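using only what follows, build the 3D model:
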Amino acid sequence: MKNTRRLLEKFACHAALLPVTVALLVGCKADISVQDEPADPVTQEFPLVLIERPLLNADEEPLPFELFDPAAFNPGAHLILKKNAFAQSAETDLLEPVFGKDALYDVKDIAVSPDGNSLLFAVHPPLLENVPDEDQPKWTLYRFDLKTNAIGPLLTDAAERELGHDINPAFLPDGRIVFSSTRGTTSKKVLLDEFRPQYSALDEDEMSPVFNLHRMTATGDRIEQISFNMSHDLAPIVLPDGHLLYVRWDNQSSRSMLNLYQMVPDGTQNQLVYGWHSHDTGANESRVEFVKPQILANDQLSVLLTSNNAPYYNSWPVTIDIANASDHNQALYNKTLPSDAQTPLFPWAFSNVDTIERAGAVHNMFALHDGTERYLLSWSPCRAVLNNVTVACSQVPADQTITFAPPLYGLWLFDNNAKTQVPVRPGREGSIISEAVVMQARHKATYLADSTSLNADLAAENAAVLDIRSLYDVGGDAQANIGVLRDPMATRSSDRPYRYLRIERQVPMPPEEVQDVPNFAFGVTRQRGMREIVGFTDVEPDGSVKVKIPANVPLALAILDSQGKSVSWQHQQWITARPGETLQCNGCHYPWIERTHGRANAQGEWPSANPGAPVSGQPFPNANPELPAQVGETMAQALTRLVGMKTLKAALEYQDHWTDPAKRAKEPESKVSYNDLTTEKPVGVPCFDKWQAHCRIRIDYPTHIAPLWSLERVTRDATTGEILTDHTCVNCHTRTAADGTTQVPMAQLELTAQPSDQVDEQMTSYREIMAGDFEQDIVGGVLVDKLVQQVDGNGNPVWVRDELGNLVLDENGDPIPVMTRVPMNSFAVPGWAGGSRFFNVFKAGGAHEGYLTPTELKLISDWLDIGAQYYNSPFVVPQ
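From the prediction side, this is the model:
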């Protein structure tokens, strides 16, 4: 009764629960008939396995179903084997022999082998007393063999099991196993190559270790990482054609959503399949996430629409037409959608929001593979409290507000054709059946072999290739006249809007036990994390790019103008390529463009806006005759074939390959290099002298930006050495004049290196540039915040008034003004150098034109564009 009372309190009910008959439970779905027991070979002969868990945790709080914390441990679950789907059939607790009766373990993620004889599932053993969190047992994969009743961990080596959390197993057609894990077997090697310690990195919210996809043999050997996301990749399943479909947490910067992705089982051709613009498709256009994908008997894809920690644990089963759509209302190119790409799986008004429909609520679903359109549902009737008695919602008058009772999730067999439901495992107060499967054979998916088209030389370098047809292509529409831009006689390089591409890498954050990273280290915002520059390359006149990039690393792209400032929307989708792979895409995408983008071989995408070379054996129109193209080639592809593959650089380098010298002189080469700095160069620049996949550029404010303000910038008389001009930044942008008196810093911008009065661990100059401040003035020889009289919304002065609204007068009988400080906007915007007023004075004709060199301005631009962090490595932050 204690748990019952607690449940009633938590779910805002105020009566003890009473036994309710089956007829009462389903009374709210008048179109569904109830049968006593199933009577067919499938439900009589095949065993059923379910997971039952308490609705209250150890703290007697409602059980959380946290979508974004797959490592969460909720002890008290039980893995139950039933002989068949009869409600009264015998039950066996499969893990009781392993851990003992009533042991506080957790279990989830049941997967059935194609032959129906084996189960895989994830188990978290009970916690150990007086053991730190980092040394507690991990989630590990177990196997159950129906023929032998053998059950145990898939990995026999106990030490190997503790190298990471393993969850979400699935059987591959060749017998291997794909699963989601925090092991990061390859990511840790990359960390070592980047001169960092090996650790299980945290997700972008820095809440839990990152789960990425791995695969291994049926016996747990040769574990290999196949996906590389900064947040979680979860719930892999095998599509009928052999591809893997999985759920990816896109969590970069301001984005946070679970979308559907697809890849070949070796990790190549990783791509977004569905969902980016479809998260408003829940009940009443509520926000949803896409979880628990599975393939139905008719090969359709089904998912659950749900929300994070839905109060009643409810979800909405739907099918998704991924063969014809990339979003619920966005068809693939040359495909049509007669209706929404998402179709409710059942005809009843289920919901994903914080109330239960009168049809009840579905928590989870498992499809039978016998062609009957039957489903095992974890289903709760709609229950209400009426006059302190628990009743079916149908007994509450329609004009009366329903006070919901706690859910009662039992296991039911729903027949979608006959519109019948059969009780398989009645719900029990205080418990929920979170998963259930039938151990039944099913059609095995097509075996999709590992790619044989990977470049072995690139793979040996742990490198891949990025091949973009045109950055001017957005969803198949050209944002500029590509034909004019690629014609050297029509457009000079200085007139092209896109000149360079910068590739970035977010630094994986270590857990606290490895390195505790304080807030001040990120600067004014943690939104972009810490970032490094992977390198730069130039953009060809037609907007094309082809360049060698590191493999097995999540990367982001930024398009730059001739000054090196970003002119593109923030790239909020990590791209990755496997060693030896060529990652091809037609162009770019904007947040509001819903057309399909980034598909392997451009399948389903709108045709490229860049037609490429018009004929073979001839140069591009009006271009260098020494560079004959092949029909359809982009300029980058042609240049790679004729000259060689470009590698990423640490500088903005331009060489005019395309001008025909017979028609016009070639443009001069240019180079803006960090090597030209007279202050300390960013970390990692020398690596690019002979590019390797682990080359990175790191910019830290105290080491690389702050010294620019104190660098001596004087010109002297060649004969006398007398100082003619002094443009040293800190000489004017300081509160202390040359004679030692107090002054207002020039332009209200103080660029000194002393600790800030806002954040002790950050320099004054950093806070002055990046954080909003207040205008200052000198009063009595002291620099103070300037005070002015406050005005209301109509511009009228505001005076001090008493509680009755009367003016308060001073000793002279005059009204007393309400004084306020004068706020000032920051001089720069993190993530957007182009929108930062800091650069205005350095433009042509500006007051500080020529004070900073092009290389110095580029350094500042790069640092601002990647996020204006204070430090960009957790391991250089003072502790």
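
contacts for the longest helix anywhere in the chain?
Longest helix in the chain, counting residues (DSSP state H): helix 854-865. With contact meaning CB atoms under 8 Å, 6 or more residues apart in numbering, helix 854-865 is reached by 502, 533, 558, 563-566, 652, 672-674, 676-677, 682, 697, 699, 701, 704-705, 708, 828-833, 836, 838-839, 842, 852, 869. All C-beta atoms are positioned from the backbone trio N, CA, C, and that covers glycine.

just the buried residues out of those residues, in PyMOL syntax.
Selection of buried members from the contacts of helix 854-865 for PyMOL, criterion 16 or more other CB atoms under 10 Å:
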select buried, resi 502+533+558+563+564+565+566+652+672+673+674+677+682+697+699+701+704+705+708+828+829+830+831+833+836+838+839+842+852+869
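
in strands, which of the contacts of helix 854-865 appear?
R502, I533, A558, L652, V672 (DSSP state E).

list the contacts of A558.
L501, R502, I503, E504, S566, S568, Q570, H571, D865.

who does it form a beta bridge with?
Beta-bridge pairing for A558 (DSSP bridges): R502.

quick one: pLDDT of it?
A558 carries a pLDDT score of 97 in this model.

picking that back up, between which two of the ones in strands among the contacts of helix 854-865 is the distance greatest?
A558 and V672 (15.8 Å; CB to CB).

now the phi/psi pair for R425, please.
Main-chain dihedrals, R425, degrees, to the nearest 10: phi -150, psi 100.

which residue, other than its chain neighbours, is closest to it?
L411 (3.8 Å; CB to CB, 6 or more residues apart in numbering).

before we move on, which element is the one you found in?
strand 410-415 (DSSP states H and E).

what are the pairing partners of that strand, and which direction each?
strand 374-380 (antiparallel), strand 420-425 (antiparallel).

got the buried residues for the shortest one?
This points to strand 420-425. Q421, V422, P423, V424, R425.

return the member of those nearest to R595.
Q421 (41.4 Å).

that closest one reaches D415, doesn't it?
Yes: with contact taken as CB atoms under 8 Å, Q421 and D415 are classed as touching, separated by 7.2 Å.

is it true that R767 lies in a helix?
Yes: membership of R767 in a helix is supported by DSSP: H, G, I helix; E, B strand; the rest coil.

re the thing from before, just the CA trace of the longest helix of the chain, in PDB.
This file holds the C-alpha atoms of helix 854-865, laid out as PDB (Å, rounded to 0.1, in the frame of the first residue of the first chain):
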ATOM      1  CA  PRO A 854      46.000  40.600 -42.300                       C
ATOM      2  CA  THR A 855      47.300  37.600 -40.500                       C
ATOM      3  CA  GLU A 856      46.400  39.000 -37.100                       C
ATOM      4  CA  LEU A 857      42.900  39.900 -38.300                       C
ATOM      5  CA  LYS A 858      42.500  36.400 -39.700                       C
ATOM      6  CA  LEU A 859      43.600  34.900 -36.400                       C
ATOM      7  CA  ILE A 860      41.000  36.900 -34.500                       C
ATOM      8  CA  SER A 861      38.400  36.000 -37.100                       C
ATOM      9  CA  ASP A 862      39.100  32.300 -36.800                       C
ATOM     10  CA  TRP A 863      39.000  32.500 -33.100                       C
ATOM     11  CA  LEU A 864      35.600  34.300 -33.100                       C
ATOM     12  CA  ASP A 865      34.100  32.100 -35.800                       C
END
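
list the buried residues of it.
T855, E856, L857, K858, L859, I860, S861, D862, W863, L864, D865.

again, but for stretch 631-642
Applying 16+ other CB under 10 Å to stretch 631-642 flags E633, T634, M635, A636, Q637, A638, L639, T640 as buried.

off-centre distance for that stretch?
33 Å (CA atoms, centre = their mean, to the nearest Å).

can you list contacts of it?
467-470, 486, 540-542, 544-547, 610-616, 620, 627-630, 646, 657-658.

with stretch 131-149 instead?
Stretch 131-149 is contacted by residues 47, 49, 71, 73, 94, 116-128, 150-155, 161-167, 169, 177, 179, 220, 439, 511, 513 when judged by CB under 8 Å, 6+ apart.
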